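Undergrad: quick one, structure for this:
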Amino acid sequence: MNADDEYQPPNEEIPLDDSVPPELPHSPPPKRKLTTWQKILASKFLLVSIGVHLLFGAGAAVYVVQQNMTKRVPTFKGGPGAVNPSSRALEHKVSMDKKKNTMSAPMQSKRITVNNPLAKIALPEMVTMANANQVIPNKMGGQGGTGNSLFGGQGNGGLGGGGNGFGLPTIMNDRCSVVTRATSMRNNGGSPQCEEAIIKGLRWLKTQQNADGSFGQQFSVGMTGLALLSFMGHCERPSSKEFGPCVRKAIDFLVTTAGSGATISRGGGNSTSYEHGIATYALGEAYILTKEQKIAEVLKKAVYTIVQGQSPDGGWSYGYSKGAGDTSVSGWQVQALKAAKLSGLNIDGVDSALKKAVDGVLRVRGPQGGFGYTSPGDRWALTAVGILVLQTTHHEGGRGQTVRKALDFLIDRKDAPKLDYDAADADLYGWYYGTQACFQHGGSAWTKWNRQFQPELLKAQNEDGSWKPTRGGSGDIQSGGASSPDGQIFRNSCCILMLEVYYRYLASSRI
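TA: Reported below is the predicted structural model:
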């Protein structure tokens, strides 16, 4: 066999077993590359190495992703992007909740509701007489006296009649929220048309303000007080967007007019006690809504004048002369004292004066259960005043037999006047007090009254937001006529305040 000949393996099969075959001296050497790779694959070192590399690679990948995400955080140089509607609603709710915590009153006590065909009167628990209901007084009329009087019925030129960061008193809660106003309006027998009429009336009233912040002319202090009460009945404050400047100027006018004097009045004569009482009442509410110290100082002095001017019989008379108590004058003083009590300023003499005022009203009680002027009698409009005084001072719980009999005289007797704006005997002064008294009492009294007065006021409003004069002029300022500046301001304020009754003060009487 030549050296060039290739090796030919033998044809016989080599048995396969675990033994190492004998070395064939002439067989070619196995391929070294294959043998080395097989050893490497079998090595544990390779597996460990692969694992380490995989972990390293994964960590590097995570790092790169994080770096890229950081670089992709947007920066806003322009306006805000689109806001999800649900997120906007949530933010608004949170914002409103924060405002409630800082500006609105503490939570109300649980209410009792009285079901009747037209209304569910909210009746919060009565804590003390300090939180008794309070309704804005309006013009007091009656028999009037002689002289140039603001509210005298028979006198020469009088009114005819027969926070921030503070809480409101509980009974004033409902006026300062769009939601609570609407709810109270609905629950107490009002309608959306009532709120529309109020807004229109306030807008008209705003156009009548004088350059110095006052309203009216001859009795500018009293008319400014009435107008201011109308705005504040809708919780309009100096910070309000639409009516704020008007409210600011009216408050400043009253504070400036008061100065350091004992009384707030420009009309003089018999009108002094009326103007002072109305202005004091308005300033009391103004302090409650603003907590301005300058108002507090004037309010304390004004209340002191009322306390010191009370007659021995418990009433108040013209010019605080301490003569026989006049129910017409007394109604305003009681409302002013009530505002002072709600202010939280703890002014000396307020509680005792309110308690004594009950005696002044009971003194003029008539045989039919009504109330008279300076002596016992049954005068329709003055009966409404007397009822409100007893409710405000919480006499007999505000719903005792004295009040019930007076209400019977006011609305249930056969010859009780109907509430007809176009009738010759329409008396807005009596209507105003009757509206407050019946609302505070609730039940059938309020149902009957509300059914009559509400549609009459709504139909009597003019397109410009003002109210037309009553047919007989009763309840308007007679000095200068119903079309005089004072007559217009009084009439329109009176109507606005009546329509605000649904939410201005919660009914505080207990069943």
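
Undergrad: once you drop chain neighbours, what's closest to residue 288?
TA: residue 343 (5.5 Å; Cβ to Cβ, 6 or more residues apart in numbering). Just so you know, the C-beta spots here come from the backbone N, C-alpha and C atoms, and that holds for glycine as well.

Undergrad: that neighbour contacts residue 284, doesn't it?
TA: Yes. If you go by Cβ atoms under 8 Å, residue 343 and residue 284 touch, sitting 5.6 Å apart.

Undergrad: where do the contact lists of those two overlap?
TA: Both residue 343 and residue 284 are in contact with residue 299, where contact means Cβ atoms under 8 Å, 6 or more residues apart in numbering.

Undergrad: those two: which has the busier surroundings?
TA: residue 284 (28 against 23; other Cβ atoms under 10 Å).

Undergrad: residues near the closest residue in space to the more buried one that isn't next to it in sequence, how many?
TA: Counting by Cβ to Cβ, 6+ apart, residue 284 lies nearest to residue 339, which is 2.7 Å off, once chain neighbours are set aside. Using other Cβ under 10 Å, residue 339 has 26 other residues around it.

Undergrad: so who does residue 339 touch?
TA: Counted by Cβ under 8 Å, 6+ apart, residue 339 has contacts 134, 280, 281, 283, 284, 285, 288.

Undergrad: ok, the residues you listed vs residue 358, which is closest?
TA: Residue 358 lies nearest to residue 134 out of the contacts of residue 339, by Cβ to Cβ, at 15.3 Å.

Undergrad: for residue 420, which non-adjacent residue is closest in space?
TA: The spatially closest residue to residue 420, leaving aside those adjacent along the chain, is residue 426, at 6.1 Å (Cβ to Cβ, 6+ apart).

Undergrad: tell me the SS of the one you found?
TA: Under DSSP: H, G, I helix; E, B strand; the rest coil, the three-state class of residue 426 is coil.

Undergrad: do you know the pLDDT at it?
TA: We have a pLDDT of 91 for residue 426.

Undergrad: that one contacts residue 452, doesn't it?
TA: No. Here residue 426 does not reach residue 452: they are 11.4 Å apart, not a contact under Cβ under 8 Å.

Undergrad: what do these two both touch?
TA: residue 419.

Undergrad: quick one: low-confidence parts of the protein?
TA: Counting by pLDDT under 70, the chain contains low-confidence residues at 1-166, 473-481, 508-511.

Undergrad: all strands of it, in order?
TA: Taking DSSP state E as the criterion, the chain contains strands spanning 111-115, 120-124.

Undergrad: for burial, what's the neighbour tally of residue 417?
TA: The number of residues near residue 417, taken as other Cβ under 10 Å, comes to 17.

Undergrad: I meant to write residue 204 there.
TA: A count of nearby residues for residue 204, using other Cβ under 10 Å, gives 19.

Undergrad: please begin residue numbering at 515 from this point
TA: From this message on, residue numbering opens at 515, which makes the last subject residue 718.

Undergrad: measure it to residue 754 for me?
TA: 17 Å (Cβ to Cβ, to the nearest Å).

Undergrad: what number of residues lie near residue 860?
TA: With other Cβ under 10 Å as criterion, residue 860 counts 10.

Undergrad: before we move on, the earlier item: biggest separation within the contacts of residue 853, which pair?
TA: Farthest apart among these by Cβ to Cβ are 648 and 797. That separation is 14.4 Å.

Undergrad: hang on, the earlier thing: what sits against the residue nearest to residue 802?
TA: Residue 857 neighbours (Cβ under 8 Å, 6+ apart): 798, 801, 802, 810, 813.

Undergrad: hang on, the third one packs against residue 859?
TA: So the one you mean is residue 802. No. Using Cβ under 8 Å as the test, residue 802 is too far from residue 859 to be in contact (9.7 Å).

Undergrad: residues contacting stretch 689-699, please?
TA: With Cβ under 8 Å, 6+ apart, stretch 689-699 has contacts from 617-619, 636, 682, 687-688, 704-706, 708-709, 747-749, 1014, 1016-1018, 1020.

Undergrad: among these, which are in helices?
TA: Judged by DSSP state H, the contacts of stretch 689-699 include 617, 706, 708, 709, 1016, 1017, 1018 as members of helices.
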